[in-house]
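# let me see the structure of the following:
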Amino acid sequence: MGQVAGFAGITVRTLHHYDEIGLLVPGARTHAGHRRYTDADLDRLQQILFYRELGFPLDEVAALLDDPDTDPRAHLRRQHELLTARIEKLQKMAAAVEHAMEARKMGVNLTPEEKFEVFGDFDPDEHADEVERRWGHTEAYRQSQRRTAGYTKEDWKRINAELDAIHGRMAGLLAEGVPADTEPAMEVAEEHRRFITGAYYDCGPELHACLGEMYVTDERFTATYEAIRPGLARYMRDAIVANAARHSAS
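Coordinates of the predicted model:
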């Protein structure tokens, strides 16, 4: 039981509880009477932990797993659908986090209803004080304030969509195994730099490289990109740095 708890990332007490309520009853016992989990038990535990991660209460998890009309393939299809929906939500939140951290309040002159429509349940004002403290003395910050002050709800929707598309292209290159220091990745990095310049502030290659470093040194930036695709934070940084080096050499 201790071994199972260890590699599953849960406590022995949790396994005892699952056993007591009949959610996960070990299929075998040792000669000494200790619980022994079979391969089928471990498969069921994986299903339980997945549904728990998505917020399902234990009674609903039990009902789902014990439904005689549901086969393992149906569970996989359901999990895929749930994960896809969650990933889409995380991607939207990640884009909103990046906007907020790059441009203080981002000049969001929207009503609460409009802000919710554009950014979901993420409030871009929450990072305002920190961004002003860290970058308020810079020209980039002042430019961003001036440019975003007049943005409307539709402007922010367009900006979110543009950034999502850039992130999607970079994540696609990562998935294909394209090295970050090759032409395709550097071109997307350059597109990202020009996007920042157009939407927020003049972002030269050197400044862009500094921003790229933040993607791996600031855990919040890292989490933003890792939510889109594991490994994307470092890949994005490497592509940005390679693109900056290409500019300095030309």
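# okay, CA-based contacts and neighbour counts for the rest of this
Noted.
# wait, what's in contact with the residue in the chain sticking out farthest from the centre?
Taking CA atoms, centre = their mean, the residue of the chain most remote from its mean C-alpha position is residue 31, at 46.3 Å. Residue 31 makes no contacts at all, as judged by CA atoms under 8 Å, 6 or more residues apart in numbering.
# what's the answer for residue 42, then?
Contacts of residue 42 (CA under 8 Å, 6+ apart): none.
# which helix or strand contains it?
In the assignment (DSSP states H and E), residue 42 maps to helix 39-53.
# next secondary structure after that helix?
Assigned by DSSP H and E, the successor of helix 39-53 is helix 58-65.
# CA atoms of that next one as CSV?
In CSV, the C-alpha atoms belonging to helix 58-65 read as follows (Å, rounded to 0.1, in the frame of the first residue of the first chain):
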residue,chain,number,x,y,z
LEU,A,58,-16.2,10.5,-4.8
ASP,A,59,-19.8,9.3,-5.2
GLU,A,60,-19.9,10.5,-8.8
VAL,A,61,-16.6,8.9,-9.5
ALA,A,62,-17.9,5.6,-8.2
ALA,A,63,-21.0,5.9,-10.2
LEU,A,64,-19.0,6.5,-13.4
LEU,A,65,-16.6,3.7,-12.9
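# any buried residues in it, and which?
Residues 61-62, 64-65 are the ones in helix 58-65 that count as buried (16 or more other CA atoms under 10 Å).
# packing partners for the strand or helix carrying residue 222?
Assigned by DSSP H and E, residue 222 falls within helix 219-228. Helix 219-228 sits against helix 72-102, helix 205-217, helix 232-249, with contacts defined as 3 or more CA pairs under 8 Å, 6 or more residues apart in numbering; DSSP states H and E.
# ok, residues contacting the second one?
Helix 205-217 is touched from outside by 193, 221-222, 225, 233-234, 236-238, 240-241, 243-244, 247, with contacts defined as CA under 8 Å, 6+ apart.
# low-confidence ranges, the chain, go.
In the predicted model of the chain, residues 70, 72, 96-132, 134-136, 250 satisfy pLDDT under 70.
# ok, now which ones touch residue 15?
Per CA under 8 Å, 6+ apart, neighbours of residue 15: 1, 5, 24.
# now the helix or strand containing residue 170 - C-alpha only, PDB.
Assigned by DSSP H and E, residue 170 falls within helix 153-176. Taking C-alpha atoms only, helix 153-176 is exported to PDB below (Å, rounded to 0.1, in the frame of the first residue of the first chain):
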ATOM      1  CA  LYS A 153     -13.500  45.100 -25.700                       C
ATOM      2  CA  GLU A 154     -13.200  44.100 -29.300                       C
ATOM      3  CA  ASP A 155      -9.500  45.300 -29.400                       C
ATOM      4  CA  TRP A 156      -8.700  43.000 -26.500                       C
ATOM      5  CA  LYS A 157     -10.500  40.100 -28.100                       C
ATOM      6  CA  ARG A 158      -8.500  40.600 -31.200                       C
ATOM      7  CA  ILE A 159      -5.200  40.800 -29.300                       C
ATOM      8  CA  ASN A 160      -6.000  37.700 -27.300                       C
ATOM      9  CA  ALA A 161      -6.800  35.800 -30.500                       C
ATOM     10  CA  GLU A 162      -3.500  37.000 -32.100                       C
ATOM     11  CA  LEU A 163      -1.400  35.900 -29.200                       C
ATOM     12  CA  ASP A 164      -3.200  32.500 -28.900                       C
ATOM     13  CA  ALA A 165      -2.400  31.900 -32.600                       C
ATOM     14  CA  ILE A 166       1.300  32.700 -32.100                       C
ATOM     15  CA  HIS A 167       1.500  30.400 -29.100                       C
ATOM     16  CA  GLY A 168      -0.300  27.700 -31.000                       C
ATOM     17  CA  ARG A 169       2.200  27.900 -33.900                       C
ATOM     18  CA  MET A 170       5.200  27.800 -31.500                       C
ATOM     19  CA  ALA A 171       3.600  24.900 -29.600                       C
ATOM     20  CA  GLY A 172       3.100  23.100 -32.900                       C
ATOM     21  CA  LEU A 173       6.800  23.400 -33.800                       C
ATOM     22  CA  LEU A 174       7.700  22.100 -30.400                       C
ATOM     23  CA  ALA A 175       5.400  19.100 -30.900                       C
ATOM     24  CA  GLU A 176       7.000  18.400 -34.300                       C
END
